[in-house]
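Colleague: Predicted structure and sequence below. I'll ask about it afterward.
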Amino acid sequence: MADRKKIREIIGYTYQKQRDNADLWYKQSVSFHEASIVLYEHQERISGALRIFQFNAALSLELIFKAILAAKGEPIPEIHILRELCTKAKVKLDEDQKFTLDLFTESIFWHARYPVPKSNAQWDNFHDNIFEKHIVRSQSGTTHTTLANQKRFPSMENYTRIWEICLVKYESVIL
């Protein structure tokens, strides 16, 4: 029986070629993007759908950033920090969109998968450094108001804007 690894090498089906294949990264990102849309559109029927939408949206962004890097022939970092991947891929986002990436990153790490982070330090980081940047507090007399910052919150609208910027970047790199 022939060595299976040798056969894969002969036909060009190797780990490195697959890892460097921008089209594979892109197709996977589109799958998560489409799943996020379905989850968002049917959130009233799915328990916890908003968190799961955010998770799928976050993964789609991670994968499209990596698709851009692969298309440029750059190494694919083994990280999940969306702001860092965005910088490496040279995708131009405004500051509010970068803060949106921070909250999406939390979805990748724990927010969409567990009810709480795995440690007190992660909990404190989320609430003190990440979540607070997505909240707008105001006071009028004795009335205090706390709202999500609509420009930074990982909503479908903000996600779609970021996705479209990434898509344009990917298409400009592959052409």
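Modeller: The structure has been received and is ready for your questions. Residues are numbered from 1 along each chain as shown.
Colleague: got the end-to-end distance for stretch 107-120?
Modeller: 17 Å (C-alpha to C-alpha, to the nearest Å).
Colleague: ranges for the helices of this protein?
Modeller: Assigned by DSSP state H, the helices in the chain fall at 4-11, 15-19, 22-41, 49-71, 82-89, 95-106, 120-125, 156-174.
Colleague: Would you mind measuring from the residue most central in space within the chain to residue 72?
Modeller: Nearest residue to the geometric centre of the chain (C-alpha atoms, centre = their mean): residue 58, 2.5 Å. Counting by C-beta to C-beta, to the nearest Å, the gap between residue 58 and residue 72 amounts to 22 Å. Where C-beta positions appear, they are placed from N, C-alpha and C, glycine not excepted.
Colleague: Cross-check the contact I'm expecting between residue 145 and residue 139.
Modeller: Yes: with contact defined as C-beta atoms under 8 Å, residue 145 counts as touching residue 139 (7.3 Å).
Colleague: Could you give the number of residues near the residue nearest to residue 159 when sequence neighbours are not counted?
Modeller: Nearest-residue entry for residue 159: residue 57, 4.6 Å, with adjacent residues in sequence omitted and distances by C-beta to C-beta, 6 or more residues apart in numbering. Burial measure for residue 57: 29 neighbouring residues, criterion other C-beta atoms under 10 Å.
Colleague: again with residue 171
Modeller: Residue 171 is flanked by 12 other residues according to other C-beta under 10 Å.
Colleague: State the distance from it to residue 76.
Modeller: Using C-beta to C-beta, which is the criterion applied here, residue 171 is 19 Å from residue 76.
Colleague: Could you verify my assumption that the residue nearest to the centre of the chain touches residue 105?
Modeller: Yes: in this structure, residue 58 is within contact of residue 105 by C-beta under 8 Å, at 6.7 Å.
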